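Asks: return a 3D structure for these sequence lines:
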Amino acid sequence: MTEAGSGPVTAATVEAVVRAQLASALGGRRGMVEAAVPTITFTVLYVATKELRLAIAVSVVAAVALLAVRLAQRGPVQYCINALVGIGIGCLFVWLSGRGGGDESQRALAYFVPGILYNIGYSAVMVLSILVRWPLVGLIVGSVSEDPTGWRRDPQVVRLCSRLTWLLVLPCLLRVAVQAPIYLAGRAAEDADPYLTALGVAKVAMGWPLQVAALAAMLWVLARDHTPVAPATDPTTQPVSGAG
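Replies: Prediction:
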C-alpha cells in the first residue's frame, strides 16, 4: 500500500488515510466517553432536579475532573477541551434564551442548540466542498501528502474523494434530521422535559458510533472500487486503482 506522503496520491493513499482516521476513532474510545459524560450529566441532573444551574455546574465539574485526570496522566486532552468548549457555548445559548423569557425547561433545551447548528454548518461546508470539486476528504489526504493539491490533477481521485465526503456528510444530516425536530417539538410543548431527555440520548447515541460507522463505510467503498481507471492527464500522477 502506498504510504501517505511517499508519492502521487492514489486510491491506496486515500485508503491509508481513511484507515488511519478509523484507527484513531477506535483508539479514542475513552476520549469519546469523556466528551459524552458532560452531556449525560447535564441531562440526567436537570431531569432529576429541575435545577438548570446545578446541572450546568456539575457538568462543568465533571469535564474539569476528566481534564485533570488526563493532565495527571500526561495524556491527550483534546476531547476534554472540546467538552469544556461545548459546555461554554451551550451555557451561552442558555443565557441568551433566558433573556427572551420562557421557563427553565425551555432554557435547558437551548443547551443542545450549538450541536445542531454545528452539524448544519459542517454539512453545508462539506457539500460546498464537493460542489466546487475540492472535497473535504481530498483536502485531508492532501494535508499528509508531499503535494497538497496534487490529488486534484487526477479527476478520478477527485470523484473518489467526493463520494467519500458524502459519507461524512450523512452522519451530520442524520443528527440534524433527528435532533432538530425533537428540539422544535420541545419548544412548542408545555413540558419540555421528555424532549430534553430525548435530545440528550440522541446526542450521545449519534456521536461516536455514527462517526465510526461512516469511516467503516468509507473503507467498504474503497474495497469495492475495482473500476478500471484511465491514465491521468498529468503524466507524473499514477492512475487510481481500486483498493482490494
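Asks: low-confidence ranges in this structure?
Replies: Scanning the chain for pLDDT under 70 picks out the ranges 1-11, 13, 22-28, 99-102, 225-244.
Asks: any idea how far A192 is from G186?
Replies: 4 Å (Cβ to Cβ, to the nearest Å). Quick note: C-beta positions are derived from backbone N, CA and C, even for glycine.
Asks: give me the common contacts of the two.
Replies: Counting by Cβ atoms under 8 Å, 6 or more residues apart in numbering, the contacts common to G186 and A192 are S105, Q106, L109.
Asks: show me which of the residues you listed is closest to P76.
Replies: L109 (31.8 Å; Cβ to Cβ).
Asks: just give the number of residues close to that closest one.
Replies: Using other Cβ atoms under 10 Å, the number of residues around L109 comes to 25.
Asks: tell me the SS of it?
Replies: Recorded secondary structure, L109: helix (DSSP: H, G, I helix; E, B strand; the rest coil).
Asks: residue contacts, D191?
Replies: Applying Cβ under 8 Å, 6+ apart to D191 gives the contacts S105.
Asks: got phi/psi on it?
Replies: Note on D191: its backbone torsions stand at phi -110, psi 110 [degrees, to the nearest 10].
Asks: same deal with G207?
Replies: When read as degrees, to the nearest 10, the backbone of G207 gives phi -90, psi -100.
Asks: thinking it is in contact with A36, fair?
Replies: Yes. G207 is within contact range of A36, at 6.5 Å (criterion: Cβ atoms under 8 Å).
Asks: got the contact list for stretch 70-90?
Replies: The contact list for stretch 70-90 (Cβ under 8 Å, 6+ apart) reads 28, 30-32, 34-35, 37-38, 42, 56, 59-60, 63-64, 66-67, 110-115.
Asks: how far out from the middle of the chain is the helix or strand harbouring R163?
Replies: In this structure, R163 sits in helix 155-188 according to DSSP states H and E. In terms of Cα atoms, centre = their mean, to the nearest Å, the centre of helix 155-188 is found 10 Å from the chain centre.
Asks: next: stretch 191-208.
Replies: Offset of stretch 191-208 from its chain centre (Cα atoms, centre = their mean): 17 Å.
Asks: would you mind listing the buried residues in it?
Replies: For stretch 191-208, the buried set under the neighbour-count rule, 16 or more other Cβ atoms under 10 Å, comprises 192-193, 195-200, 202-204, 206-208.
Asks: and those residues as TSV, adding distance to P76 and secondary structure?
Replies: Converted to TSV, the buried residues of stretch 191-208 look like this (distance: Cβ to Cβ, whole Å; DSSP: H, G, I helix; E, B strand; the rest coil):
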residue	distance to P76	secondary structure
A192	36	coil
D193	36	helix
Y195	34	helix
L196	31	helix
T197	31	helix
A198	31	helix
L199	28	helix
G200	25	helix
A202	27	helix
K203	22	helix
V204	21	helix
M206	23	coil
G207	18	coil
W208	15	helix
